[in-house]
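Participant: can't give you the sequence, but here's the structure:
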Ligand SMILES: NC(=O)c1ccc[n+]([C@@H]2O[C@H](COP(=O)([O-])OP(=O)(O)OC[C@H]3O[C@@H](n4cnc5c(N)ncnc54)[C@H](O)[C@@H]3O)[C@@H](O)[C@H]2O)c1
Ligand SMILES: CC(C)[C@H](C(=O)O)[C@@H](O)C(=O)O
Ligand SMILES: [Mg+2]
């Protein structure tokens, strides 16, 4: 079992170190190889996704990824910016299915900004299409406007697009996932305005007919953003495009207490996967030893489950995470009165200890 370990930038290195600690504490044999990615790779090799890093990722059974990005790179040409590394990995490896489960652990009900009764027992799964949409559509760029409100003005443009097979395959992923859960799929779109999302809705409806045992609900994205904080437990599986999924998953993270609790898995059609927390490199807290490593540790559990066929080990990690939360240990992002504040490494150590108990 070969794991490519790509810590990246900012808190990426701190949180991945804890996940690696946890993996090493399992009685399993992994070959782990690390490489630079993002701003760190740009500094060393002049490119955020060097050929050697991409090659390592392609050859591995799974990739454990931290986060990339820092404000100091925002003025670079776009192809050289750290974020292009994660986008390039997703595209090159065909990682089209992004699973972002938002689970509110019993012990964290008080850590969310929402009322406890709204989120207690919450378990929803956001499935975000990850290799299409306005993120990758061509053409894009800058030009002089020939029409619109200001002809002759400088303008920028991107292209939103989805093809039928792209929508069909993510629809099947969502319906399959729902079959193993509460048998409800909410497809989030903006069909009332965008042709891309009318097409999305039509194809979702067609594919849904093959799953008569699963309820399909359509919802506009603006309403979905509102319903997620009004009645989040009404959702089971949420399937949506790349851009809406990016935004709604950050919103859903607050239902779990913190973005530091939201893991993710990005899979391709051969179940090779990239596993990363849903959050970014958090430059505001990087280097302080206070980042929450649990989203990354839980992403490692997803890696064991989805790509490495080690369900028992995945469950051991998840149980260990619940145990440290039950012990009252909290990084600052999930701290509340009466609990014990710990740093990144202490939290990782506690998970390792809980694994062994
Ligand atoms: N997949 C990725 O690598 C990824 C994802 C999102 C953002 N980014 C990049 O990260 C950089 C920072 O972006 P941002 O600030 O908008 O988003 P962010 O997710 O990095 O941070 C948002 C807020 O959440 C907090 N936070 C994030 N992770 C945390 C953790 N584990 N524990 C405690 N607090 C945590 C941060 O301190 C910050 O206040 C940008 O360069 C952005 O492009 C990368
Ligand atoms: C860093 C950025 C490219 C990325 C995205 O928009 O997909 C991030 O926000 C995420 O959610 O993984
Ligand atoms: Mg995001």
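Facilitator: Structure received. In this text the structure is predicted, and so the values were computed from the model without any measurement. Numbering: from 1, shown residues only. Ligands and ions are numbered 1, 2, ... in the order given.

Participant: excluding sequence neighbours, find me the nearest residue to the one residue in the stretch 101-250 of the chain that gets nearest to ligand 2.
Facilitator: Nearest residue of the stretch 101-250 of the chain to ligand 2, counting by CB to the nearest ligand atom: residue 246, 4.4 Å away. Where you see a C-beta, it was placed from the backbone N, CA and C, and this is true even at glycine. Excluding its sequence neighbours, the residue lying closest to residue 246 (CB to CB, 6 or more residues apart in numbering) is residue 128, at 6.8 Å.

Participant: packing partners of the host helix or strand of that neighbour?
Facilitator: Per DSSP states H and E: residue 128 is located in strand 123-129. Counting contacts by 3 or more CB pairs under 8 Å, 6 or more residues apart in numbering; DSSP states H and E, strand 123-129 packs against strand 97-103, helix 164-179, strand 237-240, helix 242-253.

Participant: export these as CSV, with columns for mean pLDDT and mean neighbour count.
Facilitator: Shown next, in CSV, are these (pLDDT from 0 to 100; neighbours: other CB atoms under 10 Å):
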stretch, mean pLDDT, mean neighbour count
strand 97-103, 97, 23
helix 164-179, 98, 19
strand 237-240, 98, 28
helix 242-253, 96, 21
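
Participant: and the ones you listed as a markdown table, adding distance to residue 200?
Facilitator: Shown next, in a markdown table, are the helices and strands packed on strand 123-129 (distance: least, CB to CB, whole Å):
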| stretch | distance to residue 200 |
| --- | --- |
| strand 97-103 | 15 |
| helix 164-179 | 5 |
| strand 237-240 | 8 |
| helix 242-253 | 10 |
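
Participant: these: which one's closest to ligand 1?
Facilitator: helix 242-253 (7.4 Å).

Participant: tell me which other helices or strands that closest one touches.
Facilitator: Counting by 3+ CB pairs under 8 Å, 6+ apart, helix 242-253 packs on strand 97-103, strand 123-129, strand 184-189, helix 221-230.

Participant: buried set for the helix or strand bottoming out on mean pLDDT in the chain?
Facilitator: Ranked by mean pLDDT, DSSP states H and E, the helix or strand of the chain with the weakest confidence is helix 116-119, at a mean of 94. Residues 118, 119 are the ones in helix 116-119 that count as buried (16 or more other CB atoms under 10 Å).

Participant: can you give me the strands for this protein?
Facilitator: Applying DSSP state E to the chain gives strands spanning 2-8, 31-34, 62-67, 97-103, 123-129, 141-144, 154-157, 184-189, 215-220, 237-240, 263-267, 273-277, 329-330, 340-341.
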